[in-house]
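Peer 1: Build me a structure from this.
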Amino acid sequence: MKYLYYSFIAASILLGACKAKKEEAPVIPTEDVVEMTTPFGNMYIWLYKATPLHRANFLKLSNDGFFNNTTFHRVIPNFMIQGGDPNSKDSDISNDGSGGPGYTIPAEIRDTIQHERGVLAAARLGDAVNPTRASSGSQFYISVSTAGTKGLDKQYTVFGYVMKGIEYADSIVKQSRSSKDRPFVDQKMQVRVIRKTLAEIKAEYNYVPKY
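Peer 2: The predicted structure is shown next:
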């Protein structure tokens, strides 16, 4: 009888230990990824942690739905596509490019982060009226050509990279446009934040974050 009693106690302890071990299974951390839906397909964007102010701002605006139904209001072949202006939601195309959330972001220009095809960078007013090179609160551009945007290095804050789907930016930049580089047909976007592990980012987007 005593043997059965001790066997029961031992089994209970073992069961409790197994349960505790199961409950303590490590949680794999996930990262924020921006999913940008365009008329041609989805782009998946990594936001650099080396530019924390721009990263936090873009994530907040994305989570708030700020970018939804804004358009890529300026497209220049062999250069870039620009969007993120809330004014581009309305039918008045004359004010596209002049809007924002009502604030700017201090420049986070990093010598080591330069323009290359696929980077996400912040638009801004020129040096004459903006000597600190503060960024627009929402307007951004995506580089479709390394050669075209190389001259912007160390002048604009580069804060992200299109890990997958840059070919859809290529499709947007080819659209017929006005003399002011605005597409005749609205190129609207929907933007949201999704969560992925680093392993998933590498497997799904063939990308290993470096900033």
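Peer 1: Apart from its chain neighbours, what residue comes closest to D186?
Peer 2: Spatially, and ignoring its direct neighbours in sequence, D186 is nearest to T71 (4.8 Å; CB to CB, 6 or more residues apart in numbering). (C-beta placed from N, C-alpha, C; glycine too.)
Peer 1: give the contact list for that neighbour.
Peer 2: By CB atoms under 8 Å, 6 or more residues apart in numbering, the contact set of T71 is 83, 85, 88-89, 96, 183, 186-189.
Peer 1: ok, now with 10 Å
Peer 2: Residues near T71 by CB atoms under 10 Å, 6 or more residues apart in numbering: 38-39, 82-85, 87-89, 93, 96, 172, 182-183, 185-189.
Peer 1: now do V191
Peer 2: Contact analysis of V191 by CB under 10 Å, 6+ apart lists 34-38, 43, 45, 58, 61-70, 83-84.
Peer 1: Stretch 90-98: which residues count as buried?
Peer 2: For stretch 90-98, a neighbour-count test (16 or more other CB atoms under 10 Å) marks 93, 96-97 as buried.
Peer 1: count of neighbours near L59?
Peer 2: By other CB atoms under 10 Å, the residues close to L59 number 14.
Peer 1: How about the one 10 residues further on?
Peer 2: N69 has 13 neighbouring residues, counting by other CB under 10 Å.
Peer 1: N57 falls within a helix, correct?
Peer 2: Yes. Counting by DSSP: H, G, I helix; E, B strand; the rest coil, N57 is found in a helix.
Peer 1: any idea how far it is from E24?
Peer 2: 36 Å (CB to CB, to the nearest Å).
Peer 1: Compare the two and say which is more crowded by neighbours.
Peer 2: Each of N57 and E24 has its neighbours counted (other CB under 10 Å); N57 has more, 21 against 8.
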